[in-house]
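Visitor: below is the sequence, then the predicted model.
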Amino acid sequence: MRLFDTHCHFDFDIFQDDFDSQLKSAHEQGVSRFVIPSIGSSNWAKMHQMATDHTDIYYALGMHPYFLDQQSIDELPTLKELLNQRGNQCVAVGECGLDSMVEVDMTLQEKVFIEQVRFATSCQLPLILHCRKTHNRMLQILKQEKFQYGGILHGFSGSYQQAMQFIELGFFIGVGGVITYPRANKTRQAIVRLPIEKLVLETDSPDMPLNGYQGKPNHPKMIGEILSSLASLKGMSKQTIAEIVWKNSNSAFGICE
Ligand SMILES: [Zn+2]
């Protein structure tokens with residue numbers, strides 16, 4: 001079974017002391033492809049290096065809304081330049097989006113998000129979207145910008161209708177550890193109804209620990225457990241789901257199988 005973690009912060013310090021053994025433990029659980037999204041200029045060079053060292057590591061370049069400050073505007077030209085010079089393993093722009101739960105000025109968030117949507121359009125790249133209580137505004141911006149290269153709505157939690165609005169714009173839905181919690185009833189019911197052809201798996205490591213692992217850092221090797229939860233919600237075999245989401249993940253990022 002081949003598994004794809006479409007969203008893990010595998011470049012964070014917590015994994016770096018013994019990165020090779022961290023990677024090996026993911027491989028041992030069948031996780032054979034990874035996409036690492038950027039959080040900002042601090043990790044752009046690092047992930048390029050990681051992808052150079054490991055052919056199964058792909059990455060995205062972008063600015064996470066949580067980490068923006070006034071300097072971020074000045075860094076946009078560098079981001080654009082790096083995207084223009086990207087190699088094959090840079091497969092998306094992100095993670096980017098809007099987050100109404102953090103104390104970062106919303107005007108700044110929107111400005112930086114809109115620029116990244118435009119960069120993705122000019123590079124014909126998909127987007128990795130971060131969205132917290134901002135679904136309607138993000139949909140509005142994507143429509144205004146006539147964005148057409150799809151991508152992933154990462155860390156989905158919400159209603160069926162919200163997910164379908166992104167699917168209609170060409171996005172896949174990133175399913176993570178939230179579905180392992182029985183109390184996440186709304187999200188679980190949404191996932192039951194969403195088309196399996198539009199779902200991908202992600203851990204968001206080291207964040208979003210699974211049910212039963214609270215307080216511990218999450219790890220890409222946990223993808224198999226998210227797969228198990230998805231299989232039981234969908235009433236399908238793990239094998240069947242694994243094959244479909246593998247295809248979906250590669251297709252979301254334009255990676256050859
Ligand atoms: Zn993330």
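Guide: Happy to help now that I have it.

Visitor: so who does Lys216 touch?
Guide: Under the criterion of CB atoms under 8 Å, 6 or more residues apart in numbering, the contact list for Lys216 reads Pro209. Placement of C-beta: from N, CA and C, glycine included.

Visitor: quick one: pLDDT of it?
Guide: Among the per-residue scores, Lys216 shows a pLDDT of 94.

Visitor: in a helix, it, correct?
Guide: No: the assignment for Lys216 (DSSP: H, G, I helix; E, B strand; the rest coil) gives coil, which keeps it out of a helix.

Visitor: from Ser205, how far out is it?
Guide: 11 Å (CB to CB, to the nearest Å).

Visitor: could you do Ile196 as well?
Guide: To Ser205, Ile196 is 23 Å away according to CB to CB.

Visitor: tell me which of those two has more neighbours.
Guide: Higher neighbour count among Ile196 and Ser205: Ser205, with 28 against 14, using other CB atoms under 10 Å.

Visitor: hey, where'd the strands end up in the chain?
Guide: Remark: strands of the chain, listed N- to C-terminal, are 3-5, 31-36, 57-61, 90-99, 127-132, 151-153, 171-175, 199-201; assignment by DSSP state E.

Visitor: need the winner for burial among those.
Guide: Among the strands of the chain, the stretch with the highest mean neighbour count (mean count of other CB atoms under 10 Å) is strand 151-153, at a mean of 28.

Visitor: what packs against that one?
Guide: For strand 151-153, the helices and strands in contact under the criterion 3 or more CB pairs under 8 Å, 6 or more residues apart in numbering; DSSP states H and E are strand 90-99, strand 127-132, strand 171-175.

Visitor: a markdown table for those, including mean pLDDT?
Guide: Compiled in a markdown table, the helices and strands packed on strand 151-153 are given as follows (pLDDT from 0 to 100):
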| stretch | mean pLDDT |
| --- | --- |
| strand 90-99 | 98 |
| strand 127-132 | 97 |
| strand 171-175 | 98 |
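
Visitor: now tabulate these in a markdown table and tack on distance to Lys46.
Guide: As requested, the helices and strands packed on strand 151-153 are arranged in a markdown table below (distance: least, CB to CB, whole Å):
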| stretch | distance to Lys46 |
| --- | --- |
| strand 90-99 | 13 |
| strand 127-132 | 17 |
| strand 171-175 | 22 |
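
Visitor: out of those, nearest to Met63?
Guide: Each of the helices and strands packed on strand 151-153 was checked against Met63 via CB to CB, and the shortest separation belongs to strand 90-99, namely 6.0 Å.

Visitor: let me see the contact set for Met101.
Guide: 132-133.

Visitor: what are the ranges of the helices in this structure?
Guide: 19-28, 41-53, 71-84, 106-123, 135-144, 160-168, 185-193, 223-234, 238-253 (DSSP state H).

Visitor: save those helices as JSON lines, and put in mean pLDDT too.
Guide: Converted to JSON lines, these look like this (pLDDT from 0 to 100):
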{"stretch": "helix 19-28", "mean pLDDT": "97"}
{"stretch": "helix 41-53", "mean pLDDT": "95"}
{"stretch": "helix 71-84", "mean pLDDT": "98"}
{"stretch": "helix 106-123", "mean pLDDT": "98"}
{"stretch": "helix 135-144", "mean pLDDT": "97"}
{"stretch": "helix 160-168", "mean pLDDT": "97"}
{"stretch": "helix 185-193", "mean pLDDT": "96"}
{"stretch": "helix 223-234", "mean pLDDT": "98"}
{"stretch": "helix 238-253", "mean pLDDT": "98"}
